[in-house]
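Novice: Provided below for reference: sequence and predicted model.
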Amino acid sequence: MNGLFDSPVGALLARPWLDPVGLYGLRRWYLPLSRLWAAANLAGLDVARFRDEIGIALPGFWSESRLQRLLARHGRAQARANEVRNAWEAALFDPAAGSDPERLDRERRSAATVHLASRAFFYPLLFPIRPPLARWRIDAPERVERELGHELENPSTLYVAPIALESVSISRSFVKDGLREYWLRAPTPAARLRQRPGSEILYARVVEPVGGTIDTLIFGNGLCVESELMSMERGPGPQLAATGWRVIEPVSPYHGLRAMPGFYGGEPFFAASPTSSLDLIAGQAIESALLVAWARARFEGKVALAGISMSSFVAQLAASHCHLWPSEARPDAAMLISHSGRVEDVTFGGALAAMLGLDRALVEAGWTRESLARLSRMIDPADAPALPPSRIVSALGETDRWVPYRDGLALAHRWGLPEDNQFRYRFGHLGMPVQLTRDSSPFVRLRQVMNGG
């Protein structure tokens, strides 16, 4: 895939046209198929429960026996993925295990990829009526006010948590193509995430060059991105590690290895909004503090934190509130990629939120822009960062309407980021990952500012 992005075809992909095409594909195919797939994950072979979960009435020709065969076919892929994942985890974190960790990881990814691809089994069910894009579970404003009363009055309390390095387990490692790979696992230090089934455990993959003293980059993913489940020769971690970084790739709550039962990867972030969004963004910021402290205690060199799209909010919060953490848990620098300003503006002004119907779902549940603004203050960037602005890098797509460009640019100006730390490209949201594969300038700048350049 990186070869494609590096080619002239990659230059064509890093263009404004990609965003509307991507939105169309998400709305018409990927998200409806994902909803059917998640319903099947929850229902197993129970046809009646599957019908209840998908949110639409199927045509009469979808008989009990036809649906049973469809669910059984999907169920075999799901069972295999769960079996291999459990074997991978048990052996990878057991120092006495004799199995080959590289083979275990390859088998886990292969089985998970087959399970993800089983979405295609449900394509015939998209006609004539597509299912909802999400399993909406939005809390009423009154309930959220009661639950978060103390934090609403003092948002900084949301970001204070114990940093226990002894809680981090390190897996066995393997070396491939000059890169060492292993995993970290720990109970999440974020109290609210411990109440989210599936997200109680923090997972992070580490990819590093063999030999040498290097800097560490903690790099978060975007919404619905589950690269740790996919079979791929190279991804962001190996690519950046090949340039000299040690890369820690945390798995975001609600995604991949931390997916919630009954939801597809990333779905709770918006489907149970706004509390689920708050829990992910604030919770992953606290988890980032633990990963920073772990890396600083174990290695020489500096530690930077980067996030793209959804996880750019995580990096913004870390840059805003890291003064609340012990000095060893504070990143030396941060990079915000495809970022924005206030969550409320993304929700009521972003093209992705509009396509999902998130703005309408919130209004139907009783939320107004004003009440959401009051809540979003808890996860909005501070007026001024706790990190020096000279050590914060910004990368934005000028035609981005998913996470509106104007708000990201306004934040960069409000925080006083130096012009040399700001990278702007003439494309939208989906073009950014392509561009960063082709152009490493933002990462080069991040390393310079992290080390005082």
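Specialist: Ah, there it is.
Novice: how distant is the longest helix along the chain from the center of its chain?
Specialist: When the chain is parsed with DSSP state H, its longest helix is helix 64-92. Mean C-alpha position of helix 64-92 versus that of the full chain (CA atoms, centre = their mean, to the nearest Å) differs by 24 Å.
Novice: list the helices and strands that helix packs on?
Specialist: helix 31-43, helix 47-54, helix 101-117 (3 or more CB pairs under 8 Å, 6 or more residues apart in numbering; DSSP states H and E). From N, CA and C alone the C-beta is placed, and that goes for glycine too.
Novice: reformat those helices as CSV; add mean neighbour count and mean pLDDT.
Specialist: Below are the helices and strands packed on helix 64-92 laid out as CSV (neighbours: other CB atoms under 10 Å; pLDDT from 0 to 100):
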stretch, mean neighbour count, mean pLDDT
helix 31-43, 23, 97
helix 47-54, 17, 96
helix 101-117, 18, 96
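Novice: so what's the nearest residue to Ser167 once chain neighbours are set aside bridging to?
Specialist: In this structure, Ser167 finds its nearest non-sequential neighbour in Ala186, 4.6 Å apart by CB to CB, 6 or more residues apart in numbering. Assessed by DSSP bridges, Ala186 has beta-bridge partners Leu202.
Novice: tell me how far Ala186 lies from Leu202.
Specialist: Counting by CB to CB, to the nearest Å, the separation of Ala186 from Leu202 is 5 Å.
Novice: give me the more crowded residue out of those two.
Specialist: Leu202 (27 against 20; other CB atoms under 10 Å).
Novice: my read: that one touches Arg185, true?
Specialist: Yes: between Leu202 and Arg185 there is a contact at 6.9 Å, judged by CB atoms under 8 Å.
Novice: what touches both of these two?
Specialist: Common neighbours of Leu202 and Arg185, counting by CB atoms under 8 Å, 6 or more residues apart in numbering, are absent.
Novice: what sits up against the strand or helix carrying Ser371?
Specialist: Ser371 belongs to helix 369-376 when elements are defined using DSSP states H and E. Contact partners of helix 369-376, identified using CB under 8 Å, 6+ apart, comprise Pro141, Val144, Leu148, Leu152, Pro274, Leu278, Arg342, Val343, Glu344, Thr347, Phe348, Leu362.
Novice: residues of that helix that come out buried?
Specialist: Ser371, Leu372, Ala373, Leu375, Ser376 (16 or more other CB atoms under 10 Å).
Novice: model confidence for the first one, exactly?
Specialist: Looking at Ser371, its pLDDT stands at 91.
Novice: how about low-confidence regions in this protein?
Specialist: Scanning the chain for pLDDT under 70 picks out the ranges 1-14, 233-234.
Novice: all helices of the stretch 351-453 of the chain, in order?
Specialist: In the stretch 351-453 of the chain, the segments counted as helices under DSSP state H, counting those that start in this stretch are 351-356, 358-364, 369-376, 405-414, 431-438, 441-450.
Novice: show me what the first one is packed up against.
Specialist: In terms of contacts (3+ CB pairs under 8 Å, 6+ apart), helix 351-356 is packed against helix 18-25.
Novice: how about the helix it packs on as CSV, C-alpha atoms only?
Specialist: Output of helix 18-25 as CSV, limited to C-alpha atoms (Å, rounded to 0.1, in the frame of the first residue of the first chain):
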residue,chain,number,x,y,z
LEU,A,18,-11.2,12.2,-2.1
ASP,A,19,-13.4,13.4,0.8
PRO,A,20,-16.8,13.5,-0.9
VAL,A,21,-16.1,10.1,-2.5
GLY,A,22,-15.1,8.7,0.9
LEU,A,23,-18.2,10.1,2.6
TYR,A,24,-20.4,8.5,-0.1
GLY,A,25,-18.7,5.1,0.3
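Novice: name the element Glu344 belongs to?
Specialist: helix 343-349.
Novice: how far off centre is that helix?
Specialist: Using CA atoms, centre = their mean, the offset of helix 343-349 from its chain centre is 18 Å.
Novice: so which residues make contact with it?
Specialist: Helix 343-349 has contacts (CB under 8 Å, 6+ apart) with 273-274, 277, 281, 313, 340, 353, 358-359, 362, 369, 372-373, 376, 379-380, 403-404, 407.
Novice: mind running it again at 6 Å?
Specialist: Residues from elsewhere that reach helix 343-349, judged by CB atoms under 6 Å, 6 or more residues apart in numbering: Ser340, Ala353, Asp359, Arg369, Leu372, Ala373, Ser376, Ile379, Val403, Pro404, Asp407.
Novice: quick check, nearest of those residues to Ala79?
Specialist: Minimum distance to Ala79 across the contacts of helix 343-349 is 35.0 Å, recorded for Ala353 (CB to CB).
Novice: roughly how far apart are that closest one and Arg143?
Specialist: Going from Ala353 to Arg143 by CB to CB gives 22 Å.
Novice: the two: which is more packed in?
Specialist: Ala353 (22 against 12).
Novice: what residues sit buried inside stretch 68-85?
Specialist: So, applying 16+ other CB under 10 Å, buried residues of stretch 68-85: Leu70, Leu71, His74, Gly75, Ala77, Gln78, Arg80, Ala81, Val84, Arg85.
Novice: repeat for stretch 258-272
Specialist: By neighbour count with 16+ other CB under 10 Å, stretch 258-272 contains the buried residues 258-260, 262-272.
Novice: with stretch 55-68 instead?
Specialist: Gly55, Ile56, Leu67.
Novice: contacts only, for the last one.
Specialist: Contact analysis of Leu67 by CB under 6 Å, 6+ apart lists Val47.
Novice: try 7 Å
Specialist: Val47, Phe50 (CB atoms under 7 Å, 6 or more residues apart in numbering).
Novice: please shift the residue numbers so they start at 4 in all later answers.
Specialist: Okay, residue one is now 4; in that scheme the one you just asked about reads as Leu70.
Novice: distance of it from Ile57?
Specialist: Applying CB to CB to Leu70 and Ile57 gives a distance of 10 Å.
Novice: same question, Phe124
Specialist: Counting by CB to CB, the gap between Phe124 and Ile57 amounts to 14 Å.
Novice: can I get the buried residues of stretch 71-88 in a markdown table including distance to Arg52?
Specialist: Shown next, in a markdown table, are those (distance: CB to CB, whole Å):
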| residue | distance to Arg52 |
| --- | --- |
| Leu73 | 14 |
| Leu74 | 10 |
| His77 | 14 |
| Gly78 | 13 |
| Ala80 | 19 |
| Gln81 | 15 |
| Arg83 | 21 |
| Ala84 | 20 |
| Val87 | 25 |
| Arg88 | 23 |
